Each structure stands twice: as structure tokens, then as C-alpha cells.
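Chemist: Quick one, structure for this:
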Amino acid sequence: MRLTSGPLRRLGCVLALSFRALMLREISGAWALDNGLAMTPTMGWLHWERFMCNTDCEEDPDSCVSEKLFMQMADIMASEGWKEVGYEYICIDDCWMASRRDSKQRLQADPKRFPSGIRHLSDYVHSKGLKLGIYADVGKKTCAGYPGSLGHYNIDAETFADWGVDLLKFDGCYCDSVEELANGYKHMSLALNKTGRSIVYSCEWPLYMWPFQKTLALCRIIC
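Modeler: Reported below is the predicted structural model:
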């Protein structure tokens, strides 16, 4: 359903507000860095549940994954009291990227849908007293087929820090083995810590990997 009127669009946005927390199931204990991050469940708004991978801004400009969408959500969360009750993150999910890295091998936002860039969006979100989350993938590609972070963990972590990102949702598609997946999560954790910026690290252990529960312990990291 396309939300064309104000009330309907507002309802869709409100319904999309949801808890985003690091859930650890069937694990007797967990550890995390004592750095003051994610001391309570991480709450905010993530675009995937409502807008998924809609990149057609020509046909559907009000419901496509774009800087306009996230700026509008920041306005709503700041003006309607969501921030005051703990919903502080505006989180970008998959499909925000350009199809290729730039000449320096950095991730870049799609130039048509994010013409001002992620740094500008981050500054706007911060001006509302909110925090910005972003999405990347541990493997060769994201789940939707955009550039993955495999082999680029350090430069991607530095890029996110330079953009002022506050949370990274790190997905687990397009890995060739459990070992590659687990090592990738570990390397990105170390890379984020090297940046010196406080970034909440949310490992997205893939549903299809749940049978390998012994490796899930490596996702018990908050950077």
C-alpha cells in the first residue's frame, strides 16, 4: 500500500516505530565492553519493516529509501515526543548504497536518493537530538546485492566514523563459511574500536545460520 495522504503516512510511520535490541537467546551469559553504550535496549526506527528495498524514487517519491524519508522521520520523532520516551535512533537498513565503491574504495550513498550524502543526513539527525544508525554486511555483498564489507572492514569503519554514525547494523549475507562470517564480525568490531568513535555494534546473525549456535557467542559484542 502506498501512503499518499498525511494521516495514512503518519500512521505507517508510527506503526514502523519498534524496539531494536540486541537479543541473546539460549545463552547463559554475555559480555560487553564497559564503555557506556547500549546500557538499555536500543530503541528507534528502522526503515525495513515498512519501506524495505524500495529504491524507485521517480514512481514512489514518498516511500522510497532516500534522505528525504529519514529527515522526515527525524522530524516526526523529535516533534511528537518519541525521543523523550527513549526512541533515539533513526536507522538506515539495506539499499542505501551506490552499486559501487568510490575511487578510494569507500562505500558511498546512492547519489540520486542521497544527494547531500550521509554526513549531511547525520548532522541533520543529530540536530534533532537523535542518533543515526546505518547498515552494512560482513560478506561480499549485502543481502540486497550492494557492496559488502569483506576485505574493507577498516575503511568502512573509518567511513562510518567520519560520517558521524552512532550505530552499525552488520548483516551476515554472502559469506562462504561460518569461519568467514565469525571472523568478519570480529574484525569489524576491532575496526570500529580503532576509530575512537562510540558506535553501537549490532551483529545480525543470519536466520539461516541459527543451527551453528556455538559461533553465535562471537556476536556478543557492543563496540
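Chemist: so Phe70 makes contact with Leu46?
Modeler: No: counting by C-beta atoms under 8 Å, Phe70 stays clear of Leu46, with 10.7 Å between them. For the C-beta atoms, the positions are set from N, CA and C on the backbone; glycine is no exception.
Chemist: For these two, indicate the residue with more neighbours.
Modeler: Neighbour totals were compared for Phe70 and Leu46, and Phe70 leads with 23 against 20 (other C-beta atoms under 10 Å).
Chemist: now what about the host helix or strand of the more buried one, what contacts it?
Modeler: For Phe70, the element it lies in under DSSP states H and E is helix 67-79. Helix 67-79 is contacted by residues 10, 13, 17, 44-45, 47, 51, 61, 63, 82-83, 87, 90, 92, 109, 113-116, 120-121, 124-125, 128-130 when judged by C-beta atoms under 8 Å, 6 or more residues apart in numbering.
Chemist: Tell me where the model's unsure across the protein.
Modeler: Along the chain, segments meeting pLDDT under 70 span 1-36, 38-39, 206-223.
Chemist: which among the contacts of helix 67-79 end up buried?
Modeler: 13, 17, 44-45, 47, 51, 63, 82-83, 87, 90, 92, 109, 113-114, 120-121, 124-125, 128, 130 (16 or more other C-beta atoms under 10 Å).
Chemist: need the contact list for Gly86.
Modeler: Gly86 neighbours (C-beta under 8 Å, 6+ apart): Thr40, Met43.
Chemist: Kindly provide the distance from it to Thr42.
Modeler: Per C-beta to C-beta, to the nearest Å, Gly86 is found 10 Å from Thr42.
Chemist: Quick check: Leu107 vs Tyr87, distance?
Modeler: From Leu107 to Tyr87 the distance is 26 Å (C-beta to C-beta).
Chemist: Please apply the same query to Tyr135.
Modeler: 18 Å.
Chemist: From the structure, what's the count of residues near Ala157?
Modeler: As a burial measure, Ala157 scores 27 neighbours (other C-beta under 10 Å).
Chemist: List the buried residues for the longest helix seen in the chain?
Modeler: Among the segments of the chain that qualify as a helix by DSSP state H, the longest is helix 178-195. Using 16+ other C-beta under 10 Å as the test for burial, helix 178-195 gives 181-189, 191-193, 195.
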